[in-house]
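Colleague: 3D, please:
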Amino acid sequence: MPLKDEHRAFIVRIMGLTGWNQTELAARAGLDPSTLSRFLSGSRSGHALRGSTIRKLEAVSGLSFGPKHDATTDDSGAMGFAEPEAVPLSMAEANPLRQAIAALSRGKSNVDPWTLKSRALEGAGYRPGDILLVALGETPMQGDVVCAQIYDWTKGRAETVFRLFQPPYLVAATTDTNLMRPFVVDDGAVSIKGVVLHTLRERTIA
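Modeller: The predicted structure follows:
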């Protein structure tokens, strides 16, 4: 598949998982809205997106665009991506949780809700499926749960993770040995994007 088609499929996948349209996706990624609209409409025929644009899309979505050998394949044979540790929250307009999130975010100009997918914080009381409200740009303190970006410059990939901040490290609170690797916050390959201020958990019925 040509690179431009892989880029297009990546954008469509992000919009499908998050529920964002291309205008909202561009705004969240800090891109000019015309960048995505012209690309998706085919007016940039023959041209793929810049690497910097893909990195911004990875950062805001928590998904990674990587070589085919890093991707997975679903039952239909379509190309997909590895399961992320967390994804931007997507919910119906009528969901009453929207009001709760709006109330908890009042007074904060830049709060992003995420759905936790991993067990990285189970020892700290956070479960997969929890909704984490992240104040972007907030200065973290020791012991805070933070949202961070881990970059793999050799593969051109970025991953969003949630960890405990124990300066200068990000650490997991779990018995899952696959998640125990600590990360050193260097504001290069590892950077903190925000601090978790609130957590919401929907009732589950067995």
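Colleague: My reading is that residue 47 lies in a strand. Confirm?
Modeller: No: assigned with DSSP: H, G, I helix; E, B strand; the rest coil, residue 47 falls outside any strand and is coil.
Colleague: Count the neighbours of it for me.
Modeller: Using other CB atoms under 10 Å, residue 47 has 12 other residues around it. No exception for glycine: its C-beta is placed from N, CA and C like everyone else's.
Colleague: Same question for residue 52.
Modeller: Neighbours of residue 52 using other CB under 10 Å come to 9.
Colleague: Over to it. Which of the three states is it?
Modeller: For residue 52, the secondary-structure state derived from three-state DSSP is helix.
Colleague: Could you do residue 159 as well?
Modeller: strand.
Colleague: Give me the local confidence score for the closest residue to it other than its chain neighbours.
Modeller: Nearest residue to residue 159 in three dimensions, chain neighbours excluded: residue 150, at 4.8 Å (CB to CB, 6 or more residues apart in numbering). Per-residue pLDDT puts residue 150 at 85.
Colleague: Would you confirm that residue 150 contacts residue 158?
Modeller: Yes: the criterion here is CB atoms under 8 Å, and residue 150 meets it with residue 158 at 7.0 Å.
Colleague: quick one, which of the two is more surrounded?
Modeller: residue 158 (25 against 17).
Colleague: confidence score at the more buried one?
Modeller: At residue 158, pLDDT is 72.
Colleague: List the residues that contact it.
Modeller: Neighbouring residues of residue 158 by CB atoms under 8 Å, 6 or more residues apart in numbering: 55, 58-59, 64, 149-152.
Colleague: In helices, which of these fall?
Modeller: 55, 58-59 (DSSP state H).
Colleague: which of the residues you listed has the most neighbours?
Modeller: residue 58 (24 neighbours).
Colleague: gap between the longest helix along the chain and the chain center?
Modeller: The residue-count maximum for a helix in the chain (DSSP H) belongs to helix 3-18. When C-alpha coordinates are averaged (CA atoms, centre = their mean, to the nearest Å), helix 3-18 and its chain have centres 14 Å apart.
Colleague: Stretch 11-20 now?
Modeller: The mean C-alpha position of stretch 11-20 is separated from the chain mean by 12 Å, CA atoms, centre = their mean.
Colleague: what's next to that stretch, contact-wise?
Modeller: 21-22, 25, 28, 36, 39-40, 57, 61, 63, 80-81, 87-88, 90-91.
Colleague: for the residue most central in space within the chain, what are its contacts?
Modeller: Nearest to the mean C-alpha position of the chain, by CA atoms, centre = their mean, lies residue 62 at 2.3 Å. Contacts of residue 62 were listed using CB under 8 Å, 6+ apart, and they are 84-88, 114, 159-160.
Colleague: wait, which of the contacts of residue 158 is closest to residue 109?
Modeller: residue 59 (19.0 Å; CB to CB).
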